[in-house]
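> Sequence and predicted structure are below.
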Amino acid sequence: MEAYSITAASFPTPALALRTADPAEQRRVRGFAQAQASAAEAARLLLAEHLPGARDHAGRVELLRGAYAALVRWRYEKALTSAGRPGHGLRHDPERFRLPIRAGGVNFDRIGRVGRLRTGSAWNPRTRTFDGGRPSPASTIMEAYGEAALARFDAEGQRGRDVLVNVVTLPGGRRVNGNRLVRGAAARRVADRLLARVRARGEDTGQVEVGGELLYAVTADHQDSARILAAALDQLAALFARRHDDQLRQWQTARYLLYQSPVTKKGSDAVIRMFVVAVGALLFGGRTPVMQSDADLRCMILGQAAGTAMPADSVLCSASAAP
């Protein structure tokens with residue numbers, strides 16, 4: 001029996017999940033970390049039992065893919081008993097936690113100033129924005145990352161353009177298109193597509209926030225996303241075959257690739273966090289990873305370099321040299 005296990009300390013609550021200033025609600029949201037830890041520990045134990053007996057590289061990939069799928073199912077089951085996030089937004093629909101992106105279409109995540117994330121904001125039908133209210137951790141971090149996204153347009157020679165593609169370098173050097181940052185006229189087209197989707201699901205679009213300065217992160221197209229996901233699992237499987245001098249860096253790279261290839265319409269962030277912690281705990285001999293609280297935003301918005309090595313990984317720096 002191993003002398004370690006995954007705990008809630010590996011799952012700091014993302015600021016994006018904190019959409020209220022109410023202490024009681026914040027405590028409830030932070031409590032999700034314990035549930036994640038239990039699910040990640042179950043995944044770790046399952047992999048620890050079966051990976052050593054895998055017949056070959058393909059078998060290890062299959063086991064990892066199965067562990068990932070089990071965590072997707074776990075997240076869906078949690079959604080069935082959850083009331084959803086507080087504040088403004090569309091109704092909570094657990095089915096979207098198991099609906100593949102390839103079936104539901106790429107995700108459109110608004111970044112920058114998002115009024116519905118502010119505590120006590122009110123709907124303005126003229127501007128189609130939520131106005132007023134007080135900052136919440138979620139609204140604050142989204143505004144900060146919106147500024148970072150716009151800065152990238154200028155820093156990377158995209159001034160005057162509306163679409164910036166995160167080009168992903170896979171292990172081996174192949175480059176594929178990851179997610180996109182979209183502003184201006186292109187963002188208006190995204191907003192129109194978003195409204196059309198919501199209507200097609202029979203949802204009320206009356207308070208869908210598509211006014212103000214529009215800025216979106218759009219997930220990778222399906223074929224590219226499938227290639228990225230396959231590369232992530234392939235790299236992790238290879239790490240269990242033999243020791244690599246740079247296994248920390250390779251695990252970090254796989255984590256970035258997973259964030260560039262989410263599988264379901266909702267819940268992918270939690271699934272990826274649990275999966276990479278479970279895998280990392282096995283790789284690093286009991287030195288359990290701690291997730292960067294804003295890992296998803298770093299990977300979607302800041303590019304591959306900033307989305308690979310993260311400050312929270314400092315707890316693993318000595319682990320990469322562990323026997």
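Received it, and whenever you're ready, just let me know what you need.

> So which residue is smack in the middle of this structure?
Taking CA atoms, centre = their mean, the centroid of the chain lies closest to Asp269, which sits 3.2 Å from it.

> pLDDT score assigned to that one?
On the pLDDT scale, Asp269 is placed at 98.

> What is the neighbour count of Ala67?
When neighbours are counted by other CB atoms under 10 Å, Ala67 registers 22. Every C-beta, even on glycine, is put in place using the N, C-alpha and C of the backbone.

> tell me the contacts of it?
Each residue near Ala67 by CB atoms under 8 Å, 6 or more residues apart in numbering is listed here: Ala43, Leu46, Leu47, Phe275, Ala278, Val279.

> ok, the third one touching Leu64?
When you say that, I think you mean Leu47. Yes - Leu47 is within contact range of Leu64, at 7.4 Å (criterion: CB atoms under 8 Å).

> Mind listing the shared neighbours of those two?
Counting by CB under 8 Å, 6+ apart, the residues touching both Leu47 and Leu64 are Val279.

> before we move on, the earlier item: of the contacts of Ala67, which count as buried by neighbour count?
By neighbour count, with 16 or more other CB atoms under 10 Å, the contacts of Ala67 hold Ala43, Leu47, Phe275, Ala278, Val279 as buried.

> ok, the third one to Asn124 distance?
In other words, Phe275. Per CB to CB, to the nearest Å, Phe275 is found 40 Å from Asn124.

> Which elements pack onto the one helix or strand the residue nearest to the centre of the chain maps to?
Element membership for Asp269, per DSSP states H and E: helix 268-283. Here helix 268-283 touches helix 32-50, helix 57-80, helix 247-259, helix 295-301, going by 3 or more CB pairs under 8 Å, 6 or more residues apart in numbering; DSSP states H and E.

> about what we covered before: if we ignore the residues flanking it in sequence, what's nearest the residue nearest to the centre of the chain?
Distances taken as CB to CB, 6 or more residues apart in numbering put Asp296 closest to Asp269, at 4.6 Å, once the chain neighbours are dropped.

> buried stuff in the strand ranked longest in the chain?
Criterion DSSP state E: the longest strand present in the chain is strand 175-183. Using 16+ other CB under 10 Å as the test for burial, strand 175-183 gives Val176, Asn177, Gly178, Asn179, Arg180, Leu181, Val182, Arg183.

> Can you tell me the closest non-neighbouring residue to the first one?
If I follow you right, that is Val176. The shortest distance from Val176 to any non-neighbouring residue, by CB to CB, 6+ apart, is to Asp224 (4.8 Å).

> same thing with the fifth one?
Nearest residue to Arg180 in three dimensions, chain neighbours excluded: Val218, at 4.6 Å (CB to CB, 6+ apart).

> separation between that neighbour and Glu95?
The spacing between Val218 and Glu95, counted by CB to CB, is 22 Å.

> again with Leu181
To Glu95, Leu181 is 28 Å away according to CB to CB.

> roughly how far apart are the residue of the chain positioned farthest from its centre and Glu213?
Largest separation from the mean C-alpha position in the chain: Arg126, at 32.6 Å (CA atoms, centre = their mean). From Arg126 across to Glu213, the span is 16 Å (CB to CB).

> what does Val276 give?
33 Å.

> Between these two, which is the more surrounded one?
Ranked by neighbour count (other CB under 10 Å), Val276 and Glu213 place Val276 first, with 26 against 12.

> I'd guessed the more buried one sits against Thr253; true?
No - contact status for Val276 versus Thr253: not in contact, 11.1 Å apart, counting by CB under 8 Å.

> got the contact list for the spatially closest residue to Leu18 that is not a sequence neighbour?
Leaving aside its sequence neighbours, Leu18 sits nearest to Pro137 (CB to CB, 6+ apart; 3.9 Å). Contact partners of Pro137, counting by CB under 8 Å, 6+ apart, are Ala15, Leu16, Leu18, Arg19.

> how is the protein carved up into domains?
Listed by automatic domain parsing, the domain ranges of the chain are 8-84+227-295+310-321, 104-218.

> got CSV for these, with distance to Ile301 too?
Below are those laid out as CSV (distance: least, CB to CB, whole Å):
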stretch, distance to Ile301
domain 8-84+227-295+310-321, 9
domain 104-218, 5
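
> Need the winner for burial among those.
Of all these, domain 8-84+227-295+310-321 carries the top mean neighbour count, a mean of 19, counting by mean count of other CB atoms under 10 Å.
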